[in-house]
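**Q** A predicted structure for the sequence below; I have some questions about it.
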Amino acid sequence: MNGPDPQILLKIYEGVLEMEKNDPADLTAVELKTVKQGEYFYRKPTAKNFYIRNHYNRKSQFNSFANYSCTNDTTGAEIFLKPSTIVWID
């Protein structure tokens, strides 16, 4: 056999598609403050990308409100969300 087995490639491809599926019925809505540091969450139930909750920033003279730093795992973009923000977890 000179090339890769097509059946194995098909099974790998199907496995990747299954991992990327995001069924809104399987997600639970919670406040961001209940998500532990380093855990994954979605901003919306139908979102394709997920975020990782990072550290907590206290309210200060530079920040008008306390917030959590969150990083998009796909793009690396960082956003800051209030602790009361509703997010979805598996």
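**A** Done, it's in. Residues are numbered from 1 along each chain as shown.

**Q** quick one: W88 from N72, how far?
**A** Distance, W88 to N72, using CB to CB, to the nearest Å: 15 Å. No exception for glycine: its C-beta is placed from N, CA and C like everyone else's.

**Q** Neighbour count for those two, which is higher?
**A** Between W88 and N72, W88 has the larger neighbour count (other CB atoms under 10 Å), namely 19 against 14.

**Q** Doesn't that one belong to a strand?
**A** Yes - applying DSSP: H, G, I helix; E, B strand; the rest coil, one finds W88 inside a strand.

**Q** bridging residues for it?
**A** Applying DSSP bridges to W88 yields these beta-bridge partners: A29, Y42.

**Q** Test my guess that it contacts K44.
**A** Yes - in this structure W88 lies within contact range of K44 using CB atoms under 8 Å: 7.0 Å.

**Q** What residues sit buried inside stretch 66-75?
**A** Neighbour-count burial for stretch 66-75, counted by 16 or more other CB atoms under 10 Å, picks out N67, Y68, C70.

**Q** what are the ranges of the helices in this structure?
**A** Taking DSSP state H as the criterion, the chain carries its helices at 6-20.

**Q** what residue is smack in the middle of it?
**A** By CA atoms, centre = their mean, the chain has its centre lying nearest to F50, at 2.1 Å.

**Q** The residue lying closest to that one once chain neighbours are set aside: what's it in contact with?
**A** Nearest-residue entry for F50: Y40, 4.8 Å, with adjacent residues in sequence omitted and distances by CB to CB, 6 or more residues apart in numbering. Residues in contact with Y40 (CB atoms under 8 Å, 6 or more residues apart in numbering) are F50, Y51, I52, D73, I89, D90.

**Q** With L27 instead?
**A** When contacts are counted by CB under 8 Å, 6+ apart, L27 is found next to Y42, P45, W88, I89, D90.

**Q** how about the third one, what does it touch?
**A** Shown here is W88, whose contacts under the criterion CB under 8 Å, 6+ apart are P24, L27, T28, A29, V30, F41, Y42, R43, K44, P45, A47.

**Q** Let me have these in TSV, extended by pLDDT and distance to P83.
**A** What follows is the contacts of W88, written out as TSV (pLDDT from 0 to 100; distance: CB to CB, whole Å):
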residue	pLDDT	distance to P83
P24	69	23
L27	87	19
T28	91	17
A29	94	15
V30	95	11
F41	93	13
Y42	92	17
R43	92	15
K44	91	18
P45	88	20
A47	85	20
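
**Q** Appreciated, that's everything.
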